[in-house]
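*Asks:* just coords:
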Ligand code: FE
Ligand code: FE
Ligand code: ZN
């Protein structure tokens, strides 16, 4: 089964997002757990949640995305404690959608060093993941911009190694980010997968962010592009989305689109590939 979707706003309720997803032939989607820049999350609307769950019959796992502002390894102790609280609350929300994934950017160590940053991220995860958490927590692969942690498979592995409940940990591969980080998914996607398997383990690969990149391999920039309008290209992206090893994973578009643009990209990915 090909589970394809895009990032949608849930500010008008989850049920509306489900309807939007269906209108563009999506059978999964991603949404922010709270305003991406703010920190306040709205109370869960129980009726809306039930309606959404019923309407999602046949959907793949949903991806809940943590706020970009949540930095679990910021140097400021107070801000770090606050971020850890946000994570806890986000996981409680994720638990309300059984089988869904919670994905977040590991964080930026802002000069503290990678080792300290990784330890702080793992510490927050250890206090947030309860034994009965019914979902999975995904670390997103990053472009390695600035002091960002997660620009290499080794760094993600190091975080997982320090987490107590490793069975709850997975990884979301963002195509734009790993390309920008220096993994050549155009010429050697199988080689990248082999390396992922060796370092992290392929069974931890739980979701894909399907983006083209405005920049060159190893540019460490993180600027998403429409499929085919970037340096990765339509053909490589199509091949990856249909790769045998990724069967059944939610594939989420985070290209700079509104709903119709996402619809066109989903229809391209669901269709037969034609060189235009
Ligand atoms: Fe992300
Ligand atoms: Fe992403
Ligand atoms: Zn990005």
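*Replies:* Structure received. Worth saying up front: this structure is predicted, and the values here are computed from it rather than measured. Residues are numbered from 1 along each chain as shown. Ligands and ions are numbered 1, 2, ... in the order given.
*Asks:* now the closest residue to residue 95 other than its chain neighbours, what's its secondary structure?
*Replies:* Closest residue to residue 95 apart from its sequence neighbours, by CB to CB, 6 or more residues apart in numbering: residue 134 at 5.6 Å. Using the backbone N, CA and C atoms, a C-beta is placed for each residue, glycine as well. Classification of residue 134 by DSSP: H, G, I helix; E, B strand; the rest coil places it in coil.
*Asks:* what distance do you get for residue 134 to residue 15?
*Replies:* Distance, residue 134 to residue 15, by CB to CB, to the nearest Å: 21 Å.
*Asks:* and residue 176, by the same measure?
*Replies:* Separation of residue 176 from residue 15 (CB to CB) stands at 30 Å.
*Asks:* one more: residue 257?
*Replies:* From residue 257 to residue 15 the distance is 21 Å (CB to CB).
*Asks:* and for residue 243?
*Replies:* According to CB to CB, residue 243 and residue 15 sit 32 Å apart.
*Asks:* before we move on, what about residue 113?
*Replies:* Distance of residue 113 to residue 15, given as CB to CB: 45 Å.
*Asks:* what about these two, which has more around it?
*Replies:* Neighbours were counted for residue 113 and for residue 15 using other CB atoms under 10 Å; residue 15 has more, 20 against 12.
*Asks:* which SSE is that one in?
*Replies:* Under the criterion of DSSP states H and E, residue 15 resides in helix 14-23.
*Asks:* in a strand, residue 6, correct?
*Replies:* Yes - per three-state DSSP, residue 6 lies within a strand segment.
*Asks:* contacting residues around it?
*Replies:* Shown in contact with residue 6 (CB atoms under 8 Å, 6 or more residues apart in numbering): 21, 24, 26, 29-30, 252-255, 257, 262, 265-266.
*Asks:* likewise residue 20?
*Replies:* Neighbouring residues of residue 20 by CB under 8 Å, 6+ apart: 8, 29, 259.
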